[in-house]
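Asks: would you be able to build a 3D model of this:
(chains A, B, C and D)
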Number of protein chains: 2
Amino acid sequence: MATIKDVAEQAGVSITTVSRVLNNKVKGYMREETGQKVRKVVKELGYIPDPRARSLRGLESGVIGVILPEGINPFYQELAHAITEVCYKERYGLLLCSSENDVKRELSYIKLLQNQKVDGIIISTDHLSAEVINELIKKGTPIVLVDEDVPEANAPAIFANNYQGACLATQYLIDLGHRTMAFIKGPMRALSCRERYKGYCDTLLKSGLKVEEALIEEGGMTYKSGYKTMKSLLQDRDDQFTAIFCSDDFMALGAMRAIQDEGKRIPDDYSIVGFDNVYVSSMSNPGLTTVAQPINQIAGRAFRAIKDWPKRGLTKKRRHQYLNTKLIVRESCRVLEHN
Amino acid sequence: MATIKDVAEQAGVSITTVSRVLNNKVKGYMREETGQKVRKVVKELGYIPDPRARSLRGLESGVIGVILPEGINPFYQELAHAITEVCYKERYGLLLCSSENDVKRELSYIKLLQNQKVDGIIISTDHLSAEVINELIKKGTPIVLVDEDVPEANAPAIFANNYQGACLATQYLIDLGHRTMAFIKGPMRALSCRERYKGYCDTLLKSGLKVEEALIEEGGMTYKSGYKTMKSLLQDRDDQFTAIFCSDDFMALGAMRAIQDEGKRIPDDYSIVGFDNVYVSSMSNPGLTTVAQPINQIAGRAFRAIKDWPKRGLTKKRRHQYLNTKLIVRESCRVLEHN
DNA sequence: CTGAAAGCGCTTACAG
DNA sequence: CTGAAAGCGCTTACAG
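Replies: Residues are numbered from 1 along each chain as shown, chains lettered A, B, ... in the order given. Sure, this is the predicted structure:
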């Protein structure tokens, strides 16, 4: 690997000069000719400054860290992939961490990332305290929240507009003619789930429908929990609803399977809508109608938030960005005729 | 962040001494007492040596790179996750790269990883040439191949035993009573696909059955291609086979859907087996019987191969490790009675 | 048994 | 307009 010294020698200048042209600290101070000469040698040698050496001097390391809650969850995998894409385009490295919903592990990863002097951290967590995050920011590590909020944390935060998405789904079912719909919600600890729940309730009420407590169950955002929850709904109240809205695709997929295992059909007997539009939701049978999160936008903005982090000025005011979702209509819902 | 200087001051010794106890260059040369004192301060300050500074001096950076072919493909996502897990346990960072099957991008990532001075690279590729890889190794970057082979590359390589897996699946269908089974193979460019194909053929022949060219089609390892391929098989030769073996789960899932769309049932009308045991294969309806790759083992061994890379001795002889697969029986196959 | 000094590859005041 | 020198946080010969 060529070093700055090699370039300096070849170009017949000092390493200081090389460094200057590399960092564009040149304006008006350097002969055009010198710059050209250096740039030429840089190209010839395929020289790239060592990011470790640069970051030792307090500059960027060219790497960001991403901490996601679950390694096997396709939604987070897709989010990770979206972030990978923007990093690639921006020629950044991406240090991927999966906390497996364990605070200890989150903390341990944060330490690792600090040690590696990443230029910033993108994190989705509902376990970390605001103190930890604010401390981190004070110490100079840019950190941006995605997908899930940490109240009181003074970091920029970027999510899908979960409330709007839930309204979209619920309204869609209402427009189709459904009047009674079950809701399998996610853990109320998570803000995103609370918002989806709220969207469901508000939309029902707005249309003059009742929110039936008996038709609302809480699941654990997994295929299995969706399956089990649906089974019990079918056992106790199978004739009290014609549609189901699930707080995520996996529960929806599990619920579909439960319905089909009971010998009922989708959408003939029950209509169902999911949330997230994970890759596999298009692969169910029938294809699952769902609410798509703007994953690429989230990734892009999160990255920008880190790159545009105020150099060493005051900590900017915390900013929330809610990005709109989109309804993806497939085949899991039907029009309900009233007679 | 505490530095080695802080520790030295607090402990009342030189930074040399601190460095020595940190790196265990101590044996017989240092007073037990000094070591204790230093360790105590290290602990108090929560001091961790800066990996960038260490690696500048030629030591480990504590980060490895992983280059996978497709960011959205759940199989690779699960592999990435498995590697994440071992890295976490070993307190390593993981720089994740997704080449999207593009050589240019692969090369660009390799450059990035070299620049970041990773301790090694785990890569799955069928685009890279052996030259590039051997060059890399010669230059001192440990590199290990997973999942897919690069013939002539002199790197350790770790894969699932695809041949054995295909035999397992085919034999299973034969044992169930099937005598005619279609095969949707993957691109013959990939060694893994060729091995699966070979396993299918050999097992058939071994049982005295014929390999029917007309029942073999090539798909692109995607849900869509599985769907399309199956559709055409059903149109032309629906009565010529009772089972289908697919070179991966996504094609199998697509094929299932195609079968069901034609009004046929699984496993009543057709039995089907996939390959990979991706997370979603348990979520199909019916659950897909498939061949599980030993993903955790692959991840573990790949990591070890990097950690145990011969320090600066001769390049070790290239070693292939084939790890056995396992049949995961779910509900997509049935016994075929003969009369 | 321990420390002062050189050096890894850079950047950035400081000087000229 | 350009360069010599200090320094980022470490490790490792070399000396004592």
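Asks: make it CA atoms for all contacts and neighbour counts henceforth
Replies: Will do.
Asks: and the strands in the stretch 151-300 of chain A?
Replies: A:157-160, A:181-185, A:216-218, A:243-246, A:271-273, A:290-292 (DSSP state E, counting those that start in this stretch).
Asks: per-residue confidence at residue A:195?
Replies: pLDDT for residue A:195: 96.
Asks: revised request: answer the last question for residue A:179.
Replies: In this model, residue A:179 carries a pLDDT of 95.
Asks: again, but for the one 10 residues further on
Replies: According to the predicted model, the pLDDT of residue A:189 comes to 88.
Asks: got a list of what it touches?
Replies: Residue A:189 makes contact with residue A:126 under the criterion C-alpha atoms under 8 Å, 6 or more residues apart in numbering or on different chains.
Asks: pipe the strands of the stretch 151-300 of chain A into CSV and attach distance to residue A:209 and mean neighbour count per row.
Replies: Shown next, in CSV, are those (distance: least, C-alpha to C-alpha, whole Å; neighbours: other C-alpha atoms under 10 Å in any protein chain shown):
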stretch, distance to residue A:209, mean neighbour count
strand A:157-160, 26, 25
strand A:181-185, 10, 25
strand A:216-218, 14, 17
strand A:243-246, 14, 27
strand A:271-273, 17, 28
strand A:290-292, 22, 25
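Asks: now the helices for the stretch 151-300 of chain A?
Replies: Using DSSP state H, counting those that start in this stretch, the helices of the stretch 151-300 of chain A run over residues A:162-175, A:191-206, A:223-237, A:249-261, A:295-307.
Asks: let me know which of these is the nearest to residue A:87.
Replies: Checking the helices of the stretch 151-300 of chain A against residue A:87 by C-alpha to C-alpha gives helix A:295-307 as the closest, at 7.8 Å.
Asks: elements contacting that closest one?
Replies: The helices and strands touching helix A:295-307, judged by 3 or more C-alpha pairs under 8 Å, 6 or more residues apart in numbering or on different chains; DSSP states H and E, are helix A:74-89, strand A:121-123, strand A:143-146, strand A:157-160.
Asks: quick check: which ranges of the stretch 151-300 of chain A have low pLDDT?
Replies: For the stretch 151-300 of chain A, no stretch has pLDDT under 70.
Asks: on that earlier part again, for DNA strand D, find the nearest of the helices of the stretch 151-300 of chain A.
Replies: helix A:295-307 (22.2 Å; C-alpha to the nearest atom of the strand).
Asks: how close does residue A:127 get to residue B:286?
Replies: Residue A:127 sits at a distance of 36 Å from residue B:286 (criterion: C-alpha to C-alpha, to the nearest Å).
Asks: indicate the residue of the stretch 51-200 of chain A located nearest to chain B.
Replies: Nearest residue of the stretch 51-200 of chain A to chain B, counting by C-alpha to the nearest C-alpha: residue A:95, 4.5 Å away.
Asks: can I get the CA coordinates of the helix or strand harbouring that residue in CSV?
Replies: Element membership of residue A:95, judged by DSSP states H and E, is strand A:93-98. Only the C-alpha atoms of strand A:93-98 are listed here, as CSV (Å, rounded to 0.1, in the frame of the first residue of the first chain):
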residue,chain,number,x,y,z
GLY,A,93,-18.1,1.5,5.7
LEU,A,94,-20.9,0.1,7.9
LEU,A,95,-20.2,-1.7,11.1
LEU,A,96,-23.3,-3.8,11.7
CYS,A,97,-24.5,-4.7,15.2
SER,A,98,-27.5,-6.6,16.4
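Asks: and the contacts of the next helix-or-strand element following it?
Replies: For strand A:93-98, the following helix or strand on the C-terminal side (DSSP H and E) is helix A:103-115. Residues outside helix A:103-115 that contact it (C-alpha under 8 Å, 6+ apart) are A:65, A:67, A:95, A:97-99, A:121, A:127-128, A:141, B:48-51, B:91, B:93.
Asks: now the angle from helix A:103-115 to strand A:93-98?
Replies: Orientation check (axes from the mean of the first three to the mean of the last three C-alpha atoms, to 10 degrees): helix A:103-115 against strand A:93-98 gives 170 degrees.
Asks: now the stretch 101-250 of chain A against DNA strand D: closest residue?
Replies: Distances between the stretch 101-250 of chain A and DNA strand D by C-alpha to the nearest atom of the strand are smallest at residue A:115, namely 8.8 Å.
Asks: before we move on, the earlier item: is it true that the residue of the stretch 51-200 of chain A closest to chain B touches residue A:61?
Replies: No - contact criterion C-alpha atoms under 8 Å: residue A:95 and residue A:61 do not qualify, at 11.7 Å.
Asks: ok, now which ones touch the closest residue in space to residue A:334 that isn't next to it in sequence?
Replies: Once flanking residues are discounted, residue A:334 sits nearest to residue A:267: 5.6 Å by C-alpha to C-alpha, 6 or more residues apart in numbering or on different chains. Residues in contact with residue A:267 (C-alpha under 8 Å, 6+ apart) are A:331, A:332, A:333, A:334.
Asks: show the buried residues in those.
Replies: A:331, A:332, A:333, A:334 (16 or more other C-alpha atoms under 10 Å in any protein chain shown).
Asks: span of stretch A:82-102 from start to end?
Replies: For stretch A:82-102, the end-to-end distance is 23 Å (C-alpha to C-alpha).
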